[in-house]
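Trainee: A predicted structure for the sequence below; I have some questions about it.
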Amino acid sequence: DSGMMGWPTNDAPGSFWQTPVEEGAARLAELLRRYQPDVVVTYDENGFYGHPDHIQANRITMAALAMTALTPKVYWTTAPRSMMQRFGEVMREFDADAREPDPAETAAMAEIGLPDEEITTWVDTSAFGGQKFDALAAHASQGENIFFLKMGRERFTELMGVETFVRVQDTTGAAVPENDLFAGLR
């Protein structure tokens with residue numbers, strides 16, 4: 001884990017952020033050629049919220065795809081801005097000591113994600129809310145302080161029960177918006 005942007009862990013030898021894109025892409029391209037996926041999912045170019053490892057995942061994935069002759073459907077995970085606004089409201093609801101949001105922070109949050117109309121794919125994942133919660137709880141770098149774990153499974157599932165994507169590569173011609181990453185392939 002390279003930590004958040006600007007942290008000293010970004011420069012740690014062996015951190016994902018320090019992996020040369022060409023090196024990671026060559027390894028991933030090998031796997032793409034072997035398994036020939038119909039669908040590939042990665043983060044958007046900003047790593048959703050600027051996380052170095054997420055940005056690097058996008059860079060490596062897109063470079064790996066360019067090294068192959070494959071044409072899978074490619075999605076970038078992102079969030080609609082309306083969801084980010086709701087997220088901010090729920091954070092304040094759960095933090096009794098929350099200060100009034102700083103206008104600069106509010107403006108920065110408003111830039112995370114995309115306008116709702118640019119989201120191509122909305123997938124209901126609420127049936128897996130408990131599993132998603134458990135996976136986050138098992139993420140060693142998150143610890144017990146992460147906001148999502150404080151809200152409990154039910155509220156977490158309510159807030160995080162839909163995954164959203166932007167389809168950036170497609171040869172199927174499946175109509176958007178869609179609710180299935182495999183639309184046009186089944």
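Mentor: Sure, I can see it.
Trainee: next SSE after the lowest-mean-pLDDT helix or strand in the chain?
Mentor: Sorted by mean pLDDT, DSSP states H and E, the helices and strands of the chain end with helix 103-110, the least confident at a mean of 63. Next along the chain after helix 103-110, taking DSSP states H and E as the criterion, comes strand 121-124.
Trainee: Following that next one in sequence, what is the next regular element?
Mentor: By DSSP H and E, the next helix or strand past strand 121-124 is helix 129-138.
Trainee: avg pLDDT for the helix or strand following that following helix?
Mentor: Next in sequence after helix 129-138, counting helices and strands by DSSP H and E, comes helix 147-150. Mean pLDDT, computed over helix 147-150, is 77.
Trainee: which helices and strands does helix 147-150 pack with?
Mentor: Helices and strands touching helix 147-150, by 3 or more C-beta pairs under 8 Å, 6 or more residues apart in numbering; DSSP states H and E, are helix 81-94, helix 129-138, helix 152-160. Quick note: C-beta positions are derived from backbone N, CA and C, even for glycine.
Trainee: A183: which of those is closest?
Mentor: A183 lies closest, by C-beta to C-beta, to one member of those: helix 81-94, at 21.0 Å.
Trainee: quick one: the closest one to chain centroid distance?
Mentor: In terms of C-alpha atoms, centre = their mean, to the nearest Å, the centre of helix 81-94 is found 17 Å from the chain centre.
Trainee: Got the domain ranges for this structure?
Mentor: Listed domain ranges for the chain are 15-77, 79-171 (source: automatic domain parsing).
Trainee: List just the one of these that sits closest to L185.
Mentor: For those, the distance to L185 is smallest for domain 15-77, at 5.1 Å, taking C-beta to C-beta.
Trainee: in a strand, that's where M4 is, yeah?
Mentor: No. Assigned with DSSP: H, G, I helix; E, B strand; the rest coil, M4 falls outside any strand and is coil.
Trainee: Now it: closest residue in space, sequence neighbours ignored.
Mentor: H51 (6.6 Å; C-beta to C-beta, 6 or more residues apart in numbering).
Trainee: send the alpha carbons of the longest strand belonging to the chain over as PDB?
Mentor: Assignment by DSSP state E gives strand 162-169 as the longest strand of the chain. Extracted in PDB, the C-alpha atoms of strand 162-169 (Å, rounded to 0.1, in the frame of the first residue of the first chain):
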ATOM      1  CA  VAL A 162     -24.700   0.200  -6.000                       C
ATOM      2  CA  GLU A 163     -21.400   0.100  -7.900                       C
ATOM      3  CA  THR A 164     -21.100   2.600 -10.800                       C
ATOM      4  CA  PHE A 165     -18.800   2.600 -13.800                       C
ATOM      5  CA  VAL A 166     -18.000   4.400 -17.000                       C
ATOM      6  CA  ARG A 167     -17.600   2.100 -20.000                       C
ATOM      7  CA  VAL A 168     -14.500   3.300 -21.900                       C
ATOM      8  CA  GLN A 169     -14.100   0.500 -24.400                       C
END
